[in-house]
Every structure is written in structure tokens, then in C-alpha cells.
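Q: for reference, the sequence and a predicted model appear below.
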Amino acid sequence: MAITKVFRSGNSQAVRIPRSFQLDVDEVEILRRGEDLVLRKRRKNLGEAYHLIAGLSADFFKGGRKQPKVQKRPAL
């Protein structure tokens, strides 16, 4: 485990990434898992999204979609 500094950069909070963790990309995705922040290389295709959707349970839409009723609007 490495320890690093958190600092302000303009209106943003920034973190110094130690050399042993340096990335070879210009952009990363950031997400929160519980109390952890995860940085990962930005995906260039939708392959990961397909695997996430394929992993949903069979009863994912069992109750149907909860959509609000369509609003009636006057014709123009």
C-alpha cells in the first residue's frame, strides 16, 4: 500500500499518483465502491456494458417499468 497527498487544484480536489501507479492514458473513469474511490482506464467500447447487462437477474423487469402517465398537451 502506498500513501499519497491530497491537495486543491483550482476548484477541484487532486491526488498525486506515485510513479509506481502511473497510467499510460490521458483520461480515467472514477467511481465509488462503498468508501473506496476507483480509478481505471476509460473503456473504448461497449463490451463491458454488454457483460454488465447480461449479468442482470432474469426477474430484473419482473414488475414492469414504472413510468409516469403520459401528459396531455395542447396541439400547436
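A: That came in fine, so what should we check first? Numbers count the residues shown, from 1 in each chain.
Q: and the residue nearest the centre of the chain, what are its phi and psi?
A: Centroid check for the chain by Cα atoms, centre = their mean gives residue 31 as the closest residue, at 4.8 Å. The phi/psi pair for residue 31 (degrees, to the nearest 10) reads phi -140, psi 160.
Q: strands of the protein, residue ranges please.
A: 6-9, 12-15, 28-33, 36-41 (DSSP state E).
Q: identify whichever of these lies nearest to residue 75.
A: strand 28-33 (44.4 Å; Cβ to Cβ). For the C-beta atoms, the positions are set from N, CA and C on the backbone; glycine is no exception.
Q: neighbouring strands of the closest one in the sheet, and parallel or not?
A: Strand 28-33 has its sheet partners listed here by DSSP bridges as strand 36-41 (antiparallel).
Q: return the distance of the partner strand from the chain's centre.
A: 9 Å (Cα atoms, centre = their mean, to the nearest Å).
Q: begin at 18 from now on, thanks
A: Yes, from this point I'll number from 18; that puts the last item at strand 53-58.
Q: residues in contact with that strand: which ones?
A: Residues outside strand 53-58 that contact it (Cβ atoms under 8 Å, 6 or more residues apart in numbering): 40, 42, 45-49.
Q: from those residues, which two are the most distant?
A: Longest span within the contacts of strand 53-58, Cβ to Cβ: 42 and 49, 20.1 Å.
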